[in-house]
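Visitor: My questions concern the predicted model and sequence given below.
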Amino acid sequence: MRKHLETLIEQCRSKYHLQLLFPSNPFILDIQCKDQRYTISLSSKACMIVEDSNGLESQFLIKGTEDMIACLIKGNELLSHMVDQDQLEIKGGYRPLLFVESVLWLTRPVVKETVEI
């Protein structure tokens, strides 16, 4: 799971157009699978996995199995679609949901398909 999150963070850092979406104050996203919890901080200053999340208040929580969260981070499914199908649980408001869904969708790996003429 950590490898998927590191890829997500690297995509956040490398894609310039995403920097315009990030708030100046850190947006704290918690991802929970079974008994593991990962905290991600997203801001225009820095995007990182937070090692010690004590004292940080999460603005959005995604909870599910490792397979479902990996599927989400890889960009195979939309967050709202997975929530509608009861594959993932979320906790947070509508605006944070839209923000997280946008970040996840825009950081997904782009597969280049060949076109035959």
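Guide: Cool, the structure landed. Because the structure is predicted, anything quoted here is derived from the model rather than measured.
Visitor: Verify the contact between Leu106 and Ser14 for me.
Guide: No - in this structure, Leu106 is not within contact of Ser14 by C-beta atoms under 8 Å, at 11.5 Å. C-beta here means a position set from N, CA and C on the backbone, and glycine is covered the same way.
Visitor: Name the residue in these two with the higher neighbour count.
Guide: A direct count of neighbours by other C-beta atoms under 10 Å for Leu106 and Ser14 places Leu106 higher, at 14 against 10.
Visitor: so what's that one up against?
Guide: 15, 17-18, 21 (C-beta atoms under 8 Å, 6 or more residues apart in numbering).
Visitor: Show me what the spatially closest residue to Lys91 that is not a sequence neighbour is bridged to.
Guide: Nearest non-adjacent residue to Lys91, counting by C-beta to C-beta, 6 or more residues apart in numbering: Leu61, 4.1 Å away. Beta-bridge partners for Leu61, by DSSP bridges, are Asp30, Lys91.
Visitor: Neighbours of Phe27, how many?
Guide: Phe27: 19 neighbours (other C-beta under 10 Å).
Visitor: Pairing partners for the spatially closest residue to it that is not a sequence neighbour in the sheet, please.
Guide: Nearest-residue entry for Phe27: Leu42, 4.6 Å, with adjacent residues in sequence omitted and distances by C-beta to C-beta, 6+ apart. Here Leu42 sits in beta bridges with Phe27, Cys47, going by DSSP bridges.
Visitor: Do you have the strands of this structure handy? List them.
Guide: 27-33, 36-42, 47-50, 60-63, 89-91 (DSSP state E).
Visitor: Check what pLDDT Lys112 gets.
Guide: For Lys112, the pLDDT comes out at 58.
Visitor: Repeat that for Leu78.
Guide: Reported pLDDT for Leu78: 92.
Visitor: re the thing from before, tell me the contacts of the residue nearest to Phe27?
Guide: Contacts of Leu42 by C-beta under 8 Å, 6+ apart are 12, 22-23, 26-27, 29, 103.
Visitor: filter the residues you listed to the buried ones?
Guide: 12, 22, 26-27, 29, 103 (16 or more other C-beta atoms under 10 Å).
Visitor: Just the closest of those to Tyr38, please.
Guide: In terms of C-beta to C-beta, no member of the buried ones among the contacts of Leu42 lies closer to Tyr38 than Leu29, at 8.7 Å.
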